[in-house]
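Undergrad: Build me a structure from this.
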Amino acid sequence: MYKPYSSRLRNFESFVNAAALLLLFTGGLSAQNTLDAALAQIEINNPALRTERQRVEAAAKEYQTGIWLYDPQVSYDWLKGFPNSAGNQNDLTVTQPFDYPAAYSRRRKLADLKTGQLTFESQSLRQDILLEAKRAGIQLIYLNKRRAELTRRLRDAEQFLANYQKKYDARDATALDLNKARHQVVNLKTELRLLEAEAAEHLSRLSALNGGATVAVTDTLYPPVAALPAFDSLAQTIASSDPGLQFLQAQQQVGAAQVSLTKALNLPKMEAGYRYQGILGQTFHGLHLGLSVPLWENKNRLAQQQLQSAYYAGQLESRRNERFYDVKRLYEKYQNLQTGLDEYRQGLLSLNNMELLDKALQAGQITTLEYFVEQSLLYESRDRLLELEREAAEAAAELFKFSL
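TA: Next comes the predicted model:
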């Protein structure tokens, strides 16, 4: 006998309530194993992140190059005298050139700042890749939930079709009614096939992010989100941990350090060493000193560095302002989605239209066409609930990107 949809709906609601209680006591951690594991694998196996680690090592070595003394210079001259009685002349000079002493400490400081900047670049890339992977994972969770919903609908539709086939054989239903039931089964099977194709696309994307290794996400619960803090508190937390802002802050410090170094390089360069000279059996040796006066080599460089430093400061302020309103937009979006989702979920669970539809259909008060129309409205509502859950999870992932 055909089981009324209202009874199945109540059973499903009981299951949802039980699952919610279980989630409450377990903290929702067990349901996130596959997505969390996928993100952990991607962090290790992602080709871009592996390449980034190599780039950081190479750049760090580059920044630590050229901050020491110049190479010493050795020159030797042998000059033959004419006439022969003039004798030959030998000159040997060993010198060590160097900048104004303050330049070396400033070079080291600049190198350390640039090396520190690399960390923020890597963190930003890592968060971007993990957020992309998490979005794909959220889509798969949505598709897993929708697959379960469509599978239940297909099972019910096939049972409905079997019942109407019996009614049709007993001349208690029309061919038109039977065709409507068949049409619903065909539509649900098509939806499931399209769903599997979409899931395959997201799994393929995750595999690409994982360096080609297969990734599975079988979760049917979205990643848990902590209670939404006050906006000012969250905005401050994000500002202090956003690698993009931290990179620009470091860039501003690099600009100031570059100005300081340029000032030191505009001071005279010096060289010191030893010189030997031998001629006509006589030798001369002693201290060699030199001075290079910076007149033209660094012309306009200091002005350029000062303008560059001012540009970095303006870029940082612009980014702070942009990031603040971006966080504000995401905060309000997530807040509205969460509120709307809670209200929609409560409203949908309080409806029980299928019980009335089952009774009306069995009593002959409505046609099968009217039954399917009303049923489709309920299905649309439940589909919209799944979409709202996904949208809220996506907004939360983007808002809390800093925690990845």
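
Undergrad: show me where the stretch 101-250 of the chain has helices.
TA: Assigned by DSSP state H, counting those that start in this stretch, the stretch 101-250 of the chain shows helices spanning 102-169, 175-209, 231-241, 243-265.

Undergrad: okay, the ones you listed in JSON lines with mean neighbour count, mean pLDDT and distance to W68 next?
TA: C-betas here are computed from N, CA, C, even on glycine. Compiled in JSON lines, the helices of the stretch 101-250 of the chain are given as follows (neighbours: other CB atoms under 10 Å; pLDDT from 0 to 100; distance: least, CB to CB, whole Å):
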{"stretch": "helix 102-169", "mean neighbour count": "18", "mean pLDDT": "90", "distance to W68": "7"}
{"stretch": "helix 175-209", "mean neighbour count": "15", "mean pLDDT": "92", "distance to W68": "41"}
{"stretch": "helix 231-241", "mean neighbour count": "14", "mean pLDDT": "89", "distance to W68": "35"}
{"stretch": "helix 243-265", "mean neighbour count": "20", "mean pLDDT": "87", "distance to W68": "14"}
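
Undergrad: what's the closest of those to L316?
TA: Set against L316 and scored by CB to CB, these come closest in helix 243-265, at 4.3 Å.

Undergrad: Which strands or helices does the closest one pack on?
TA: helix 102-169, helix 301-350 (3 or more CB pairs under 8 Å, 6 or more residues apart in numbering; DSSP states H and E).

Undergrad: between the first one and helix 243-265, how big is the angle?
TA: Okay, so that is helix 102-169. 160 degrees (axes from the mean of the first three to the mean of the last three CA atoms, to 10 degrees).

Undergrad: Helix 102-169 versus helix 231-241: what angle between them?
TA: Using the same axes, to 10 degrees: helix 102-169 against helix 231-241 is 120 degrees.

Undergrad: The helices and strands packed on helix 243-265: which one's closest to E394?
TA: Evaluated with CB to CB, the helices and strands packed on helix 243-265 place helix 102-169 nearest to E394, the distance being 5.7 Å.

Undergrad: Please state the offset of the closest one from the chain centre?
TA: With CA atoms, centre = their mean, to the nearest Å as the basis, helix 102-169 stands 10 Å off its chain's centre.

Undergrad: what's that helix packed up against?
TA: helix 5-26, helix 33-45, helix 47-63, helix 175-209, helix 243-265, helix 368-399.

Undergrad: circling back: want to throw the helices and strands packed on helix 243-265 into TSV with distance to L378?
TA: TSV is the format used below for these (distance: least, CB to CB, whole Å):
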stretch	distance to L378
helix 102-169	10
helix 301-350	8
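
Undergrad: of those helices, which approaches G278 most closely?
TA: With CB to CB as the criterion, G278 lies closest to helix 102-169 of the helices and strands packed on helix 243-265, at 35.5 Å.

Undergrad: tilt between the closest one and helix 368-399?
TA: Going by the same axes, to 10 degrees, helix 102-169 makes 170 degrees with helix 368-399.

Undergrad: circling back: quick one, which of the helices and strands packed on helix 243-265 is nearest to T283?
TA: helix 102-169 (35.1 Å).

Undergrad: That closest one versus helix 47-63: what angle between them?
TA: 180 degrees.

Undergrad: ok so, going back, the helices and strands packed on helix 243-265: which one's closest to L265?
TA: L265 lies closest to helix 102-169 among the helices and strands packed on helix 243-265, at 5.7 Å (CB to CB).

Undergrad: Show me the residue at the heart of this structure, geometrically.
TA: Taking CA atoms, centre = their mean, the centroid of the chain lies closest to D128, which sits 1.9 Å from it.

Undergrad: and the gap between it and L176?
TA: The spacing between D128 and L176, counted by CB to CB, to the nearest Å, is 55 Å.

Undergrad: Next, give phi and psi for the residue lying farthest from the centre of the chain.
TA: The C-alpha centroid of the chain is most remote from S85, which lies 81.7 Å away (CA atoms, centre = their mean). Main-chain torsions, S85, degrees, to the nearest 10: phi -70, psi -20.

Undergrad: Roughly how far does it sit from L280?
TA: 9 Å.

Undergrad: and L289, that's in a strand?
TA: Yes: looking at L289 with DSSP: H, G, I helix; E, B strand; the rest coil, it is inside a strand.

Undergrad: Kindly state the beta-bridge partners for it.
TA: Following DSSP bridges, L289 is listed with bridge partners A272.

Undergrad: So for A102, which of the helices and strands packed on helix 102-169 sits nearest?
TA: helix 243-265 (4.7 Å).

Undergrad: Quick one: distance of that closest one to the chain centre.
TA: 26 Å.

Undergrad: Run through who's touching it.
TA: Defining contact as CB atoms under 8 Å, 6 or more residues apart in numbering, one finds that helix 243-265 is touched by 99-100, 102-103, 106-107, 109-110, 113-114, 116-117, 119-121, 123-124, 127, 239, 294, 298, 301-302, 305-306, 308-309, 311-313, 315-316, 319-320, 323.

Undergrad: what do you get for stretch 140-147?
TA: So stretch 140-147 is in contact with 35, 192, 195-196, 198-199, 202-203, 206, 217-222, 383, 386-387, 389-390, 393, going by CB under 8 Å, 6+ apart.

Undergrad: do that again at 7 Å, thanks
TA: 192, 195, 198-199, 202-203, 217-220, 222, 386, 390 (CB atoms under 7 Å, 6 or more residues apart in numbering).

Undergrad: can I get these in a markdown table with distance to T151?
TA: Shown next, in a markdown table, are the contacts of stretch 140-147 (distance: CB to CB, whole Å):
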| residue | distance to T151 |
| --- | --- |
| L192 | 7 |
| L195 | 10 |
| E198 | 16 |
| A199 | 13 |
| H202 | 19 |
| L203 | 19 |
| V217 | 18 |
| T218 | 14 |
| D219 | 17 |
| T220 | 12 |
| Y222 | 20 |
| L386 | 14 |
| R390 | 18 |
